[in-house]
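1. The amino acid sequence is not available; the structure is as follows:
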């Protein structure tokens, strides 16, 4: 047991001191802080000065109606009558005196307009003006047809349609949206973490083989002990990285909310201000189980290669399976009750992602959750037993790769010899 923890500690400290690990932790922490406060970052570059639009029209009534309609759409925007020539208005827009130049008149009883802005870009100002003019046009058209506003509102009003459930939903529409956004983010965490740390283990094994360090190690520590010590060492490395990033994110939220009731727009949108405890526990559980499953596979496949150049090719099947699970999860975000999602949640390679999706969005019976976890744990045990035998023979293989199945058979033969 001492050799196991010595190897695990060595794996942990070796990677924790690398520049890539430190850089990844710092960059990820800065990225999370940036995303949590992106609304503040955007506000730094926004010009808070009110938009002023020059207006040229011969109709006082049209000007007043558009101004009133615009006030309901964007109260911060200002319309200003312009008495100069069109060239003078263009010069004023060019030098920034006005945000744009609006020309309006009435043709055949209905308003029409043209708008001039400095650059050919999408403009919220132009959209607001368009909406205001549309409302005025509808009002004028009603008057021309002899109808009133009440009739127009009745025509526009949505049909009376009431939805009822025989079983009361566990979440409101807003809660469901926040749960879906939260699960979406956490699925990404599981997906990228398992791929990153799984590849790290495979690279670790391949590096030791290519440098012939493995031949020295197996003389003092059994290959199976090495494999699981590396898996645990990398797992502790990942948990420490998450703890650092999470602590920095939490500190950022606390600093922002200190002395102010304003909260992060992103946090509120994703429902991260009040994350359910059971969701966090499920996240930790499925992350660890998913990591153990894929890390064991990655260590086994990494033991079959003889150089770093072959690592990506060796672990590609693992990544493909995880990518498939990710795509099923993405489709399941909008329909988590679909049969495909339900069935996939009980298939061990997919369980860490898909079952977490279901428990995050649905009221899944506890027996189903336990069944999925039980199948996953049983698969990890079986994979550990089989992977350990392959690993014991694979670390002694230095010939070129001849195919994954042939390499596994060869490693098993070497293990028996």
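-> Thanks, I have it. What you are looking at is a predicted structure, and each value in this text was computed from that prediction instead of being measured.
2. Need the pLDDT of residue 366.
-> As predicted, residue 366 sits at a pLDDT of 90.
3. Need phi/psi at it.
-> Main-chain torsions, residue 366, degrees, to the nearest 10: phi -60, psi -30.
4. now the strands for the chain?
-> 52-57, 78-81, 100-107, 110-117 (DSSP state E).
5. Could you tell me which residues within the last one count as buried?
-> Taking 16 or more other C-beta atoms under 10 Å as the neighbour-count basis, strand 110-117 is seen to contain the buried residues 111, 113, 115-117. For the C-beta atoms, the positions are set from N, CA and C on the backbone; glycine is no exception.
6. thinking residue 372 is in contact with residue 345, fair?
-> Yes. Using C-beta atoms under 8 Å, residue 372 is in contact with residue 345, at 5.5 Å.
7. And these two? Which one has more around it.
-> Each of residue 372 and residue 345 has its neighbours counted (other C-beta atoms under 10 Å); residue 345 has more, 28 against 25.
8. which ones are touching the closest residue to residue 338 other than its chain neighbours?
-> In space, residue 338 comes closest to residue 332 once its chain neighbours are excluded; the distance is 6.5 Å by C-beta to C-beta, 6 or more residues apart in numbering. Residue 332 sits next to 338, 340-341, 344, 354, 357-358 when contact means C-beta atoms under 8 Å, 6 or more residues apart in numbering.
9. number of nearby residues for residue 136?
-> Residues near residue 136, counting by other C-beta under 10 Å: 24.
10. cool, and residue 237?
-> 19.
11. Which pLDDT value does the model give it?
-> pLDDT at residue 237 comes out at 87.
12. Please report how far it lies from residue 230.
-> 10 Å (C-beta to C-beta, to the nearest Å).
13. Overlap of the contact sets of those two?
-> Between them, residue 237 and residue 230 share these contacting residues under C-beta under 8 Å, 6+ apart: residue 11.
14. hang on, residue 355 packs against residue 342?
-> No. Taking C-beta under 8 Å as the definition, residue 355 is not a contact partner of residue 342, at 9.8 Å.
15. ok, those two, which is more surrounded?
-> Neighbour totals were compared for residue 355 and residue 342, and residue 355 leads with 29 against 17 (other C-beta under 10 Å).
16. so how far is residue 328 from that one?
-> 11 Å.
17. any low-confidence regions in the stretch 201-350 of the chain?
-> The stretch 201-350 of the chain contains residues with pLDDT under 70 at 208-221, 223, 256-276, 306-308.
18. at 50 what do you get?
-> Applying pLDDT under 50 to the stretch 201-350 of the chain flags no residue at all.
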